[in-house]
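Trainee: Have a look at this prediction, sequence included:
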Amino acid sequence: MQNKGKYYITTAIAYTSGKPHIGNSYEIVLADAIARYKRKDGYDVHFQTGSDEHGQKIETRAIEAGCNSPKEFVDGVAGTIKSLWDMMDTSYDRFIRTTDEDHVQQVQKIFKKFYDQGDIYKGSYKGMYCTECEAFYTESQLVDGKCPECGSDVHPAEEEAYFFKMSKYAPQLIEHINTHPEFIQPVSRKNEMMNNFLLPGLQDLCVSRTSFKWGIPVSFDEKHVVYVWLDALTNYITGIGYDVDNSSEDYKKWWPADLHLIGKDIIRFHTIYWPIFLLALGEPLPKQVFGHPWLLQGGEKMSKSKGNVIYADDLVSLFGVDPVKYFVLHEMPYDNDGVITWELMVERYNSDLANTLGNLVNRTIAMSNKYFNGVVADKGVEGGVDADLKAVCTGAYEKVEKKMDELRVADALTEIFAVFKRCNKYIDETEPWNLAKDEAQADRLSTVLYNLVEGITIGTSLLEPFMPRTAEKILSMLNTKSRDFDTLDTFGKYESGTKVTDAPEQTFARKDLNEVLAEAAKITEKQKADFIESQKRAKENLTKAGMLKEANAIVIGGAEDKAEEGEAAEGIDIPAKDEITFDDFMKMQFQVGEIIACKAVPKSKKLLCSQVKIGSQTKQIVSGIRKYYTPEEMVGKKVMVLVNLKPAKLAGVESEGMLLCAEDAEGNLALMTPEKAMPSGAEIC
């Protein structure tokens with residue numbers, strides 16, 4: 001491949017408060033796929049990831065875990081994160097830790113530089129503090145009294161702090177965003193940052209803390225530690241050799257980053273705070289920041305207290321590394337949240353991997369062995385359907401390249417699997433088993449099998465960055481090597497006369513859904529038991545440390561953790577309605593539905609319009625739950641539906657049923673969902 005220059009890609013560094021779930025792991029898998037693709041496409045790639053290890057939450061988590069120090073705690077969690085990334089076969093070049101000495105020294109020098117040039121001043125801060133986000137908020141920024149970012153409880157805090165003059169650099173950043181439309185992607189994220197933060201005016205940012213000690217000390221005022229976000233964000237330059245005084249040749253080679261890959265929830269920190277820090281340092285801004293959507297479990301954010309967390313290693317134990325990679329890459333839309341469930345995983349595994357790809361490879365090798373003792377030879381006997389097969393195969397790289405340039409990785413995979421699907425269709429068109437019945441067609445049969453092997457080789461060469469182990473296995477069975485991308489526009493490079501393996505391994509064996517769900521249930525039960533035990537241990541350790549009150553506010557009181565105790569909430573009494581007869585009840589038809597699409601109703605601030613699949617039907621149902629669920633969260637949920645409610649128009653939109661919800665004393669709503677996996681259309685009785 002022609003050398004196309006350097007490409008520096010980073011992920012957000014994982015916060016060491018606990019083990020990352022599959023939604024967190026998605027980011028490293030996505031980054032790895034992009035990095036591997038760019039390497040194969042001719043770029044000199046540097047891929048950096050790592051762990052974010054400072055802050056008040058880490059200090060508290062260390063006490064909860066009974067560790068002797070925060071460093072002991074983060075050493076363990078960072079090791080877990082790194083082992084997960086290695087298990088997922090990710091090809092990072094550096095795993096940086098914010099406790100690494102080279103990083104610590106540079107953060108202190110950066111902070112001092114900001115202070116010396118007048119960008120930082122000392123003051124005091126009073127506001128509502130979210131420990132989960134390590135951020136202060138004003139009362140007006142809170143949402144229903146909770147953190148606007150993560151929904152956790154906040155608590156009043158006041159302390160001496162250093163502040164960064166954000167407004168000093170805001171005009172430069174606004175100009176950069178306006179003149180570089182590719183800088184923030186997707187565009188919806190850019191609009192959000194401009195309209196909600198930059199254009200209304202930036203407040204000065206608190207960049208140090210004094211209420212805890214677990215952080216990088218400010219070199220000239222050791223009562224203060226550096227704000228965790230200033231510490232964490234600078235890893236992108238410290239990890240490649242940035243030095244306030246004299247940066248390394250590596251830094252000069254790799255910076256600016258070509259892509260910062262991050263979750264949409266931290267887009268503000270990466271597209272406002274980080275660029276302003278860089279402007280203050282006099283350094284170029286990264287070329288692009290992509291805020292990817294979330295991977296939701298059944299349409300909901302994963303939460304240990306809900307027992308709906310899925311971890312990468314659990315998935316790998318049931319499906320293998322490459323199938324997990326394929327699923328999370330293929331099922332994540334470009335700018336909307338993706339959905340993962342055990343059922344979807346099995347369905348995708350069986351349909352795409354076992355049927356489309358695995359069956360194609362197995363059949364082709366089996367026929368080559370059966371009819372020609374494994375020797376694949378091009379006899380040059382063309383048929384009418386060959387031209388289209390060749391066109392699909394040789395045109396695939398150009399289509400994949402376009403999608404990858406736009407970071408539409410799921411669409412790129414779809415283009416690759418279009419090659420495998422075309423090969424399967426080619427088998428149906430040519431019917432090799434019938435050709436084998438006629439000796440006069442032997443050369444045509446040989447050519448057909450050669451074309452199939454060549455098509456599989458082209459498709460597998462494209463698949464390699466996304467599923468490297470699978471590609472290696474397939475190419476080994478075909479006794480060939482992966483092709484460079486710049487050769488994929490030519491059909492016929494597989495060496496004629498090559499012998500494929502005579503002992504092929506099954507590429508993907510179909511999975512039984514019931515067996516997978518049974519294993520998943522065991523995993524979930526163990527996860528719940530482990531979590532309850534960890535919460536019990538945390539309370540005991542916090543009590544010993546004299547922090548029980550704080551523990552209730554921080555550890556147990558967060559939005560995610562309120563159900564940890566397993567204690568029933570106080571009951572709610574509501575006025576009784578008139579009794580109904582059994583016949584009245586039997587007139588109502590309740591079924592399980594699956595939400596396949598959802599959008600906000602334009603003329604209403606309260607309504608969502610959902611397309612709900614109920615058996616073979618799809619009903620449109622309007623519900624007043626917009627305050628409690630986003631349209632993205634709704635997609636993929638299994639819900640309970642009153643099916644035979646007379647249609648009615650709400651805000652001008654027809655509704656053909658009702659979603660069942662529970663309502664607490666404050667009027668908060670929660671959708672009623674089946675406790676166990678049930679198919680859409682199942683009767684509720």
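Mentor: Received it, and whenever you're ready, just let me know what you need.
Trainee: quick one, strands of the stretch 301-450 of the chain?
Mentor: Assigned by DSSP state E, counting those that start in this stretch, the stretch 301-450 of the chain shows strands spanning 338-340, 375-376.
Trainee: can you tell me which of those the model trusts least?
Mentor: For the strands of the stretch 301-450 of the chain, mean pLDDT drops lowest on strand 338-340, to a mean of 90.
Trainee: Return the residue of the chain that is most distant from the centre.
Mentor: What lies farthest from the middle of the chain is Ala440; by Cα atoms, centre = their mean that is 54.2 Å.
Trainee: circling back: can the strands of the stretch 301-450 of the chain go into a markdown table with extra columns for distance to Glu158 and mean neighbour count?
Mentor: Backbone N, C-alpha and C define where each C-beta goes, glycine included. Below are the strands of the stretch 301-450 of the chain laid out as a markdown table (distance: least, Cβ to Cβ, whole Å; neighbours: other Cβ atoms under 10 Å):
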| stretch | distance to Glu158 | mean neighbour count |
| --- | --- | --- |
| strand 338-340 | 41 | 23 |
| strand 375-376 | 75 | 20 |
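Trainee: Of the ones you listed, which is nearest Arg537?
Mentor: The closest of the strands of the stretch 301-450 of the chain to Arg537 is strand 338-340. By Cβ to Cβ, the value is 29.2 Å.
Trainee: Just list what the closest one packs against, helices and strands only.
Mentor: helix 22-40, strand 295-297, helix 321-330 (3 or more Cβ pairs under 8 Å, 6 or more residues apart in numbering; DSSP states H and E).
Trainee: show me the contacts for the residue lying closest to Ser680 once chain neighbours are set aside.
Mentor: Spatial nearest neighbour of Ser680, chain neighbours left out: Glu594 (4.1 Å); criterion: Cβ to Cβ, 6 or more residues apart in numbering. For Glu594, the contacting residues are Val612, Lys613, Ile614, Gly636, Lys637, Lys638, Val639, Ser680, by Cβ atoms under 8 Å, 6 or more residues apart in numbering.
Trainee: What values do phi and psi take at Glu594?
Mentor: Main-chain dihedrals, Glu594, degrees, to the nearest 10: phi -120, psi 130.
Trainee: Kindly state the pLDDT recorded for it?
Mentor: We note a pLDDT of 90 for Glu594 in this prediction.
Trainee: go on, Tyr137?
Mentor: Reported pLDDT for Tyr137: 82.
Trainee: What of Leu660?
Mentor: pLDDT recorded at Leu660 is 94.
Trainee: any idea how far the residue nearest to Ser680 lies from Arg626?
Mentor: According to Cβ to Cβ, to the nearest Å, Glu594 stands 20 Å off from Arg626.
Trainee: Enumerate every residue touching the most centrally placed residue in the chain.
Mentor: With distances taken as Cα atoms, centre = their mean, Tyr26 lies nearest the centre of the chain, 3.6 Å away. The contact partners of Tyr26, by Cβ under 8 Å, 6+ apart, come to His292, Leu295, Val328, Met332, Gly338.
Trainee: Check Asp484 too.
Mentor: Neighbouring residues of Asp484 by Cβ under 8 Å, 6+ apart: Met1, Lys40, Ser461.
Trainee: how about the last one, secondary structure?
Mentor: Same thing as Ser461. Put simply, Ser461 is helix when judged by DSSP: H, G, I helix; E, B strand; the rest coil.
Trainee: which residues touch it?
Mentor: Ser461 neighbours (Cβ under 8 Å, 6+ apart): Ala471, Leu475, Ser482, Arg483, Asp484, Phe485, Leu488.
Trainee: Now the buried members of those.
Mentor: Ala471, Leu475, Ser482, Arg483, Phe485, Leu488 (16 or more other Cβ atoms under 10 Å).
Trainee: ranges for the helices of the stretch 551-685 of the chain?
Mentor: Along the stretch 551-685 of the chain, counting by DSSP state H, counting those that start in this stretch, helices occupy 582-586, 631-634.
Trainee: Reformat those helices as TSV; add mean neighbour count, distance to Phe420 and mean pLDDT.
Mentor: Listed next are the helices of the stretch 551-685 of the chain as TSV, based on neighbours: other Cβ atoms under 10 Å; distance: least, Cβ to Cβ, whole Å; pLDDT from 0 to 100:
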stretch	mean neighbour count	distance to Phe420	mean pLDDT
helix 582-586	8	50	70
helix 631-634	21	30	84
